[in-house]
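Chemist: Return a 3D structure for these sequence lines:
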Amino acid sequence: MASGNEMWLAGYSLTYLTYGISLSREIVNKHLPRLTDRIASGVAYYGYPAGELESGDLGGSPDFCLGLMTFFFTLLISVTAFMEPVELPMPMVDVGGICYEEPWPSYVFAGVAVLSVMTVCAG
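Modeler: Sure, this is the predicted structure:
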């Protein structure tokens, strides 16, 4: 993480956003696969399975990985926002005159990352 000591949550938010969007795309491709013409004709005429067979490995599924990652990231946001530990600095960030020129807490970016991942996963 190249975000420094004070902006550590911004680096974690960017990492969560990257992995979260990748896992969201995997979830969408898992539940709504795109079939080629050849596979679609095999499914329609010969009864081939449209997708991969279920492996039963819960820990390897993108649904579980995204849920676990979101749970712990949200827990981290909650602890740092409400407990305000001294060891974890939470600076105020100036966002360039938005919102009447008042600085925002840095955990706002973490909330934006979580909402962006959920939007990609739902859409």
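Chemist: Buried residues of stretch 61-72, list them for me.
Modeler: For stretch 61-72, burial by neighbour count (16 or more other Cβ atoms under 10 Å) applies to 61, 62, 65, 66, 69, 70. (Glycine included, C-beta is placed from N, CA and C.)
Chemist: Would you mind extracting the C-alpha trace of that stretch into PDB?
Modeler: These are the backbone C-alpha positions of stretch 61-72, laid out as PDB (Å, rounded to 0.1, in the frame of the first residue of the first chain):
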ATOM      1  CA  SER A  61     -17.100 -19.300  -4.600                       C
ATOM      2  CA  PRO A  62     -17.000 -15.600  -5.500                       C
ATOM      3  CA  ASP A  63     -20.200 -15.000  -3.500                       C
ATOM      4  CA  PHE A  64     -18.600 -16.100  -0.300                       C
ATOM      5  CA  CYS A  65     -15.300 -14.300  -0.900                       C
ATOM      6  CA  LEU A  66     -17.100 -11.000  -1.600                       C
ATOM      7  CA  GLY A  67     -19.400 -11.400   1.400                       C
ATOM      8  CA  LEU A  68     -16.500 -12.200   3.700                       C
ATOM      9  CA  MET A  69     -14.400  -9.300   2.400                       C
ATOM     10  CA  THR A  70     -17.300  -6.900   2.700                       C
ATOM     11  CA  PHE A  71     -18.200  -8.000   6.200                       C
ATOM     12  CA  PHE A  72     -14.600  -7.400   7.500                       C
END
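Chemist: Distance check, the nearest residue to residue 62 once chain neighbours are set aside against residue 120.
Modeler: Take residue 62 and drop its neighbours on the chain: the residue closest to it by Cβ to Cβ, 6 or more residues apart in numbering is residue 26, 3.9 Å away. Applying Cβ to Cβ, to the nearest Å, the value for residue 26 to residue 120 is 11 Å.
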